[in-house]
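*Asks:* Sequence isn't available, so here's the structure alone:
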């Protein structure tokens with residue numbers, strides 16, 4: 001396979017850079033360039049960096065009809081010394097490979113993918129914002145492009161990386177959010193795609209999420225699809241509860257995404273000496289913990305929001321205030337630690353940071 005560095009186009013376009021980074025929002029602004037590579041005749045070919053532009057694909061492209069589309073999400077941070085840093089990108093591309101396998105998509109060489117990302121960041125480094133709390137969001141994805149109507153894996157694909165500057169994922173910023181506990185709809189089932197980042201997963205979550213938003217909630221908490229009894233994920237985040245002296249999160253049993261931030265939280269918490277349990281957690285146990293005063297904190301974890309404190313749950317007509325409804329000490333400490341590692345203000349003893 002060709003080296004990506006030999007395929008960078010010499011002409012670099014320059015578009016308008018945001019001047020007020022406090023108004024970036026999330027997911028609406030995109031950088032000057034994108035990385036592309038094509039799969040046909042059994043090989044990934046022609047790695048290149050091009051100006052960001054609309055795609056031209058066939059109306060019969062198989063991804064449009066059969067959902068062969070996977071993606072990842074990661075961030076690039078500008079540190080106080082001006083250096084650019086990625087947080088655990090190898091883990092993202094490893095998960096990307098697993099998603100490819102699950103959807104019968106040819107895998108990308110993980111080292112090439114990381115090299116391509118670094119080249120893209122070098123070209124568009126001016127787009128990495130400077131304001132604390134901002135970053136450059138990175139979206140690698142693969143889409144089936146073969147024009148064919150018939151249910152089978154495609155023979156042609158496009159791998160792309162696009163980026164864009166972002167602020168906080170939630171408009172509330174780092175503040176407690178209210179979550180609706182979904183008692184009826186299901187996000188994923190055992191043996192399905194719940195543990196991979198496939199577009200189909202997110203499409204399946206939209207209806208219930210919109211219903212929760214109409215009720216005034218920022219996100220919804222999914223319960224298991226079989227009994228609607230055990231906690232799984234919160235929207236696009238993994239979920240943690242502090243019950244007594246125990247930090248509890250759902251096990252990775254096929255229906256929960258193995259989040260990179262989730263793994264970071266578990267690793268850090270255990271290093272702090274906390275009791276961390278990856279076990280089934282029934283919503284009834286949460287109700288009982290609230291009644292006994294043992295429900296201390298709750299927070300979600302994910303690339304976009306990093307750590308998102310939860311102040312209130314709503315389940316079957318009743319509100320469950322978590323702790324005192326504010327940001328708990330473990331939640332705050334975890335947020336500060338991960339953000340500190342990402343921005344370089346705290347030591348990275350785990351070797352998670354990759355400088356660009």
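*Replies:* Okay, I see it. Just so we're clear, the structure is a prediction, and the values are computed from it rather than from any experiment.

*Asks:* What confidence value was assigned to residue 255?
*Replies:* As predicted, residue 255 sits at a pLDDT of 92.

*Asks:* Can you tell me the element it falls in?
*Replies:* Take DSSP states H and E as the rule and residue 255 turns out to sit in neither a helix nor a strand.

*Asks:* What's the mean pLDDT across stretch 293-306?
*Replies:* Here stretch 293-306 scores 94 as its mean pLDDT.

*Asks:* where exactly do the helices run in the stretch 201-350 of the chain?
*Replies:* 260-271, 283-292, 329-343 (DSSP state H, counting those that start in this stretch).

*Asks:* Now distance to residue 243 too, for those helices, in a markdown table please.
*Replies:* (Each C-beta comes from the backbone N, C-alpha and C, glycine too.) Formatted as a markdown table, the helices of the stretch 201-350 of the chain follow (distance: least, Cβ to Cβ, whole Å):
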| stretch | distance to residue 243 |
| --- | --- |
| helix 260-271 | 14 |
| helix 283-292 | 5 |
| helix 329-343 | 12 |
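
*Asks:* can you list those in TSV and add distance to residue 51 and mean neighbour count?
*Replies:* Listed next are these as TSV, based on distance: least, Cβ to Cβ, whole Å; neighbours: other Cβ atoms under 10 Å:
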stretch	distance to residue 51	mean neighbour count
helix 260-271	30	19
helix 283-292	49	16
helix 329-343	29	18
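
*Asks:* Indicate which one of those is closest to residue 127.
*Replies:* For these, proximity to residue 127 was assessed by Cβ to Cβ; helix 329-343 is nearest, at 17.1 Å.

*Asks:* what's downstream of that closest one, the next helix or strand?
*Replies:* Reading on from helix 329-343 to the C-terminus, the next helix or strand found by DSSP H and E is strand 353-355.

*Asks:* contact partners of that following strand?
*Replies:* The contact list for strand 353-355, computed with Cβ atoms under 8 Å, 6 or more residues apart in numbering, reads 83, 84, 85, 86, 87, 88, 89, 90, 114, 341, 342, 344.

*Asks:* With stretch 282-300 instead?
*Replies:* For stretch 282-300, the surrounding residues in contact (Cβ under 8 Å, 6+ apart) are 181, 219, 223, 229-231, 234-235, 237-244, 307-310, 313, 315, 320-323, 328-331, 334.

*Asks:* can you do 6 Å?
*Replies:* 229-230, 234, 237, 239-244, 307-310, 320, 322-323, 328, 330-331 (Cβ atoms under 6 Å, 6 or more residues apart in numbering).

*Asks:* same deal with stretch 307-320?
*Replies:* Under the criterion Cβ under 6 Å, 6+ apart, residues 176-181, 290, 298-301, 321-322, 325, 327, 331, 334-335 lie in contact with stretch 307-320.

*Asks:* coming back round to it: strands - which of the contacts of stretch 282-300 land there?
*Replies:* Per DSSP state E, strands hold the following members of the contacts of stretch 282-300: 234, 237, 239, 240, 241, 242, 243, 307, 308, 309, 310, 320.

*Asks:* Would you point out the most distant pair within these?
*Replies:* Greatest spatial distance among these (Cβ to Cβ): 307 and 320, at 19.7 Å.

*Asks:* the more surrounded of these two?
*Replies:* Higher neighbour count among residue 307 and residue 320: residue 307, with 25 against 19, using other Cβ atoms under 10 Å.

*Asks:* tell me which element residue 63 falls in.
*Replies:* Using DSSP H and E, residue 63 falls within helix 62-66.

*Asks:* buried sites along that helix?
*Replies:* By neighbour count on 16 or more other Cβ atoms under 10 Å, the buried set for helix 62-66 is 62, 63, 64, 66.
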